[in-house]
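3D model of this:
(chains A and B)
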Amino acid sequence: MAEKGFFRRVFGGASTPEAEQTEVVETPVPAAVPAVEAPVEKVTWFQKLKRGLSRSSNAISESIVSVFTKRKLDAAALEEFEEVLIKADLGPATAMAITDALRTGRYDREISEEEVKEVLAAEIRKVMDPVAKPLAIDAARKPHVILVVGVNGTGKTTTIGKLTAQLTAEGRKIVLAAGDTFRAAAIEQLKIWGSRSGAEVIAREPGADAAGLAFDALKQAQETGADILLIDTAGRLQNRDELMAELEKILRVIRKVDPSAPHTVLLTLDATTGQNALSQVEIFGKRAGVTGLVMTKLDGTARGGILVAISAKYGLPVHYIGVGEGIDDLEPFAADDFARALAGL
Amino acid sequence: MFENLSERLGGILDRLTKRGALSEADVNEAMREVRRALIEADVALDVVRSFTDKVRSRAVGEQVIRSVTPGQMVVKIVHDQLVEMLGSDARGIDLNATRPVPLMLVGLQGSGKTTTAAKIARRLTDRQKLKVLLASLDTRRPAAQEQLRVLGEQAGIETLPIIPGQLPVEIAGRAMNAGRLGGYDVVILDTAGRTHIDEPLMVEMADIKRTTNPHEILLVADSLTGQDAVNLAKSFNDRVGITGIVLTRVDGDGRGGAALSMRAVTERPIKLIGTGEKLDALEDFDPERIAGRILGMGDIVGLVEKAAANIDAEQAQKAAERMRKGVFTLDDLAEQLGQMQKLGGMSSLMGMIPGIGKAKKQIDAMGIDDSVFKRQVAIISSMTRAERRNPDLLKASRKKRVAAGSGTKVEEVNKLLKMHRQMADMMKAMGKGKGMFGKLGSMMGMGGMGGGLPPGGMPDPAALEKLARGMPGGLPGGLPGGLPGGGLPGLGGMKIPGLPGLPGLPGKKK
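Residues are numbered from 1 along each chain as shown, chains lettered A, B, ... in the order given. The predicted model follows:
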């Protein structure tokens, strides 16, 4: 019975929409104004991250309050706690591990909300600390080649656009390769992002061979002395063998120009994706040699917990999180902030 | 790790079916496993609970005790409950309104709205001969309007001319005007992706609805979505009142729990599913089919459809005829390898065959991919006609030549010849064999799979049989051409059910 009430609370009682509205008032983003023109907000990135994650942490901390204020830490309470984590997409295994940590030394004791949050944050931090690594650009490479891969609609092109702005601001010369020759207008989309940062975009006609384009782009970037070449690729589901083979071909071909390339392979993951993100990391990792992750769309209600499960299993570096559509809505990933924000601290 | 829900349930229910009578404890144990499997499949927790509750109350009771095989009964209950929750009321898009009928697509960023808009337009144009106008109201994402324009061009559908600087609501009004003046039957409004907590954008969406009064508001959602599926579906439904759901990326290897969640929380039907990147990859949602897939029947309907579309029926018939006579040359093998590639390669095929997930993992582990088949075809092409008809001619020097010609090694040639010999032997045995299917079923290694398919895993054998009969010449006629038994080519001694094993399945049931 208590469980039923718990779920009703988590799945939006009448109070949730109001909470959302007040939250939005603080941060007006006019719908019609293109994201780029949005004024630079005077908030630290931690605040922004927290805002992006606030729904997740609210939901979790509210649940924690409801689970623990009136209870001893008994088996039923632990099970509910585990379910709270599962609802944040942490996945069954990770949820169980954290619940176990919570149980140790506290079983059958009264436990405060604060204590639960601390344990949750500490456990998440333990997993995320080793993977929170900034994107390292090797200045010795001319250019440092970054290949961006991922499933359709996970935010590859948008991430490249934001990344270009950041790297350009650092004073680096960026060249973009419009490697998504499949999706309609993907090339135009990248060109628009390129023009926002003043980066050169190398493109061919739609339907052209992406590997050939990557080859040319790398040659050209070498000739013009670019610091970084960012290669966009078409979105592909990881179980589509022929499309993954196409990706392997891109890798093979750019290695003909520079055997050490690509120096970075970024996989974009959509925060709303569930357990399938694990499969995405596994297969893209195996076939495209992913070196780092970017988690996008953390500005929604998706809890982002899958990132904890992924890090526990694969230990791949997490470089950035995407928290909006604006050009500066790409934040370096920081384990402590992420853990605390997720735990509601 | 990446077991499919169907495998999980398959394993659990398999255990159940092996017991005689079904106690409440049995059911409870099964339901615990079902619960965990559903959670791993991204089904929202409260939906999981109501599902297992319903199944439990239906399973423990007279109807089960009285039935001859209680396990089968439970399978059927789980299956029926899945179908019921997914929506036993599959419906298409409703266009029963004054022309032009406004149709609005909403959803998160990257869920596939624009592609879906073009797919729906194409479908309505092709199947119902309707005049459709596409309009993009996405003024936010760079080149989004351009994307729809290009897609419209590809699909041969007219798109509303782009006027830079217009607001989404203005574009919507203009689209409806153009629809009226141009004599269109349907106007499809493709909106910008938005998170459901982005208040200004949710207001904008409601404004668009007010301006155009859409007859259908479809939520386009990614089938790979996790627990958040309930939140987003509920929010969109609360704000604009969706009339249906379009599920995208169903061709992925996600476990599809989001379908159950969103359907349960909105009580709106899933109307269409996106199954690929091409513009015709949009299909009706069939709860039976999805439930069957979840339960371990595999997506047999999808497989048959795919096979029917790609395999030359006449050729297959001929091959089947030869097989019946017990003849199986290297040419036949080459043909089958080729057809398998046409069907989208191993991984795509394997995903559709019921109960084959374990074998798929083994294959992945062995590192066999489609290039193996390509090489095997190359080996066969490097042989002379006489050699192909009579492989015994191939002695050391000939083998060396063939290996050189195909860019392979002699060992690979040997492996292929051995495989062919095994298959030919089996064909011969089958040709003589009595009860071809029953025999195939066991030869295909259904047992050897180690519970590849639970004997009770077919909730409705009659449906399968009907399916088989519906095929030209039945599955045995249509598909043996596609895949010989005895394990898929190239897998050496590994036993996995080839397609011809399918018709054998119902026969496996006692």
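
low-confidence regions, the stretch 51-200 of chain A specifically.
Counting by pLDDT under 70, the stretch 51-200 of chain A contains low-confidence residues at A:51-71.

what about 90?
In the predicted model, the stretch 51-200 of chain A carries pLDDT under 90 at residues A:51-124, A:184.

count of neighbours near the residue in it that chain B sits nearest to?
In the stretch 51-200 of chain A, the residue found nearest to chain B is residue A:153; the distance is 2.8 Å by C-beta to the nearest C-beta. Using the backbone N, CA and C atoms, a C-beta is placed for each residue, glycine as well. Around residue A:153 there are 26 other residues, counting by other C-beta atoms under 10 Å in any protein chain shown.

helix/strand/coil for it?
Secondary structure assignment for residue A:153 (DSSP: H, G, I helix; E, B strand; the rest coil): coil.

that one touches residue B:110, doesn't it?
Yes - using C-beta atoms under 8 Å, residue A:153 is in contact with residue B:110, at 2.8 Å.

need the residues touching each of the two.
Counting by C-beta atoms under 8 Å, 6 or more residues apart in numbering or on different chains, the residues touching both residue A:153 and residue B:110 are A:270, B:222.

contact partners for the closest residue to chain B within the stretch 201-345 of chain A?
Going by C-beta to the nearest C-beta, chain B is nearest to residue A:274 of the stretch 201-345 of chain A, at 2.5 Å. By C-beta under 8 Å, 6+ apart, the residues touching residue A:274 are A:89, A:306, B:42, B:224, B:225, B:226, B:227, B:228, B:229, B:254, B:257, B:258.

try it again at 7 Å.
Listed by C-beta atoms under 7 Å, 6 or more residues apart in numbering or on different chains, the contact partners of residue A:274 are A:89, A:306, B:42, B:224, B:225, B:226, B:227, B:257.

how about the residue lying closest to the second one once chain neighbours are set aside, phi and psi?
The one in question is residue A:306. The shortest distance from residue A:306 to any non-neighbouring residue, by C-beta to C-beta, 6 or more residues apart in numbering or on different chains, is to residue A:89 (4.4 Å). Per-residue torsions, residue A:89: phi 70, psi 20 (degrees, to the nearest 10).

and residue A:89, how many neighbours?
Counted with other C-beta under 10 Å, the neighbours of residue A:89 add up to 28.

what of the one 5 residues further on?
Residue crowding around residue A:94 was assessed by other C-beta under 10 Å; the count is 24.

again, but for residue A:331
As a burial measure, residue A:331 scores 21 neighbours (other C-beta under 10 Å).

before we move on, which element is it in?
Secondary structure assigned from DSSP states H and E places residue A:331 in strand A:330-332.

that strand - contacts with which helices or strands?
The contact analysis (3 or more C-beta pairs under 7 Å, 6 or more residues apart in numbering or on different chains; DSSP states H and E) places strand A:330-332 against helix A:45-68, helix A:156-169, strand A:318-322.

list the contacts of residue A:271.
Going by C-beta under 7 Å, 6+ apart, residue A:271 touches A:295, A:296, A:297, A:298, A:300, A:302, A:304.

just residue B:403 next, same as before
For residue B:403, the contact set (C-beta under 7 Å, 6+ apart) comprises B:409, B:410, B:412, B:413.

look up phi and psi at the second one.
Recorded main-chain torsions at residue B:410 are phi -60, psi -40, according to degrees, to the nearest 10.

next, residue A:93: secondary structure please.
Classification of residue A:93 using three-state DSSP returns helix.

neighbours of the residue nearest to it when sequence neighbours are not counted, how many?
Nearest residue to residue A:93 in three dimensions, chain neighbours excluded: residue A:309, at 6.9 Å (C-beta to C-beta, 6+ apart). Using other C-beta under 10 Å as the criterion, residue A:309 is surrounded by 23 other residues.

before we move on, what about residue A:302?
By other C-beta under 10 Å, 31 other residues sit near residue A:302.

residue A:104 too?
Using other C-beta under 10 Å as the criterion, residue A:104 is surrounded by 9 other residues.

please apply the same query to residue B:425.
Here the count is done by other C-beta under 10 Å, and residue B:425 has 13 residues near it.

same question, residue B:164
Neighbourhood size, residue B:164 [other C-beta under 10 Å]: 6.

measure it to residue B:145 for me?
Separation of residue B:164 from residue B:145 (C-beta to C-beta, to the nearest Å) stands at 9 Å.

equivalent analysis for residue A:248, please.
Residue A:248 is 34 Å from residue B:145, by C-beta to C-beta.
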